[in-house]
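Novice: Okay, sequence plus prediction incoming.
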Amino acid sequence: YLGLISLAYSAGFIQTPMVIANNWFIRRRARAMTVVGAAVTVGGTLITPLLAAAVTTWGWRWGAFWVGCVFLSVCVPLSLKVRRSPESIGLRPDGDPPANNIYIATSSHGHPALPQSAAPDVTATDALKTLAFWSLALSMLARVGTQSTMMVHFIPIMVWRGMTQEAGALLLSAFALLNLFFHFFLGWIADRVNKPRLLSLWMLPPMSAVLILSSGESAVALWLFAILFSTLDAAFPVTWATSGDFFGRKHFATIRGNMTFIYMWGSALGPVIAGYLYDQTQSYTAVLWGVLATLSVSALLTAFLIRPWDIKTAALRAETAPQVAG
């Protein structure tokens, strides 16, 4: 049962929507992926109370049954309307009009946008040989490990710093709301700047949050930690958009799957290691220093791609230059 649920969740709600967003958008890729990522959070927030009410009213078996029926009757018909790519129905990426098979629109900062012919479609095998693949995959490993560790241990850490469990739960709810805001904020910025540079700089707020948490116990310090650390999750859609910039659209699903196999170990091992360290020391101090180290590694790994990203996008813009109108 759990295996089927995990397969459906990964394929239907995580993997496939990001692939579709990558196929439909080039200039607005980060914003599109941000909307997809935020939809998971919003959906969970809206549906969880309804699911709880169904379980309370009918019991978990019938509650799950009727929720499944609603899902099949609503989501399946909607999914059948989704197309693999804009070209499959005679459109162009980013909603631009067809122009004799030449994609001549310009981006928001004046650079010519990428035509379909210029999109860097790298195969999954070739991607494994690149610095971009391993830098992105390992930086994701570090961030996912950090995010999973802090989420699993969030309330115990708050209690360790002097909060009650109830106050810690309230702080966790605020954390989720702030996380949604930062998703849209970062996605809006990412399509306008060098994405690897933005990702590296974006690690500074969560790193500052960990330093504040390690040295402060006041309510103000803990709330400041929650605000700053909630920025971390917003980096994930931008990472996938960066992957699309480097590797293109055709083989993105396979490349993303390969990256997922690497970074999933962070979510599996991070919370376990943190729990072991706490059991041995009865303190989260070592865990926080480890989190700070992994965030630093993540920032460094994405910094390696600042120059390659500029070179990649500059080459693509040069290819489109003769086709730009006006």
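Specialist: Nice, thanks for sending it over. Numbering: from 1, shown residues only.
Novice: how about Leu91, secondary structure?
Specialist: coil (DSSP: H, G, I helix; E, B strand; the rest coil).
Novice: What mean pLDDT does stretch 67-87 get?
Specialist: The average pLDDT within stretch 67-87 is 84.
Novice: Which positions in that stretch come out as buried?
Specialist: Val67, Ser85, Pro86, Glu87 (16 or more other C-beta atoms under 10 Å). Yep, even glycine has a C-beta here, placed from its N, CA and C like the rest.
Novice: Domains in this structure, by residue range?
Specialist: 2-95, 116-322 (automatic domain parsing).
Novice: Go through these and pick out the most buried.
Specialist: Of all the domains of the chain, domain 116-322 has the most neighbours on average by mean count of other C-beta atoms under 10 Å, namely a mean of 18.
Novice: starting at the chain centroid, how far to that domain?
Specialist: Using C-alpha atoms, centre = their mean, to the nearest Å, the mean C-alpha position of domain 116-322 is found 8 Å from that of the whole chain.
Novice: coming back round to it: comparing the domains of the chain, which gets the lowest mean pLDDT score?
Specialist: Of all the domains of the chain, domain 2-95 has the smallest average pLDDT, which comes to a mean of 80.
Novice: Not counting its neighbours along the chain, what's nearest Gly216?
Specialist: Leu222 (7.3 Å; C-beta to C-beta, 6 or more residues apart in numbering).
Novice: How about the contacts made by the one you found?
Specialist: Counting by C-beta atoms under 8 Å, 6 or more residues apart in numbering, Leu222 touches Met158, Arg161, Met163, Leu171, Leu213, Gly216.
Novice: and those, which two are the farthest apart?
Specialist: Distances among the contacts of Leu222 were taken as C-beta to C-beta; the most separated pair is Leu171 and Gly216, at 13.8 Å.
Novice: re earlier: just the buried residues of stretch 67-87: which are in helices?
Specialist: When these are checked against helices (DSSP state H), the matches are Val67.
Novice: Is the residue most central in space within the chain in a helix, a strand, or coil?
Specialist: Among the residues of the chain, Phe236 comes closest to the average C-alpha position under C-alpha atoms, centre = their mean, at 2.4 Å. Look at Phe236: counting by three-state DSSP, its state is helix.
Novice: Where do the helices of this protein begin and end?
Specialist: Secondary structure of the chain (DSSP H): helices at 2-8, 16-24, 29-80, 124-127, 131-152, 154-160, 165-190, 195-202, 204-215, 219-229, 235-247, 252-281, 285-303, 306-320.
Novice: Just the C-alphas of the first one, formatted as PDB.
Specialist: What follows is the C-alpha trace of helix 2-8 in PDB, where atoms were taken according to Å, rounded to 0.1, in the frame of the first residue of the first chain:
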ATOM      1  CA  LEU A   2       2.700   2.500   1.000                       C
ATOM      2  CA  GLY A   3       4.700   1.500  -2.100                       C
ATOM      3  CA  LEU A   4       1.800   2.400  -4.400                       C
ATOM      4  CA  ILE A   5       1.200   5.700  -2.500                       C
ATOM      5  CA  SER A   6       4.900   6.600  -2.800                       C
ATOM      6  CA  LEU A   7       5.000   5.700  -6.500                       C
ATOM      7  CA  ALA A   8       1.900   7.800  -7.200                       C
END
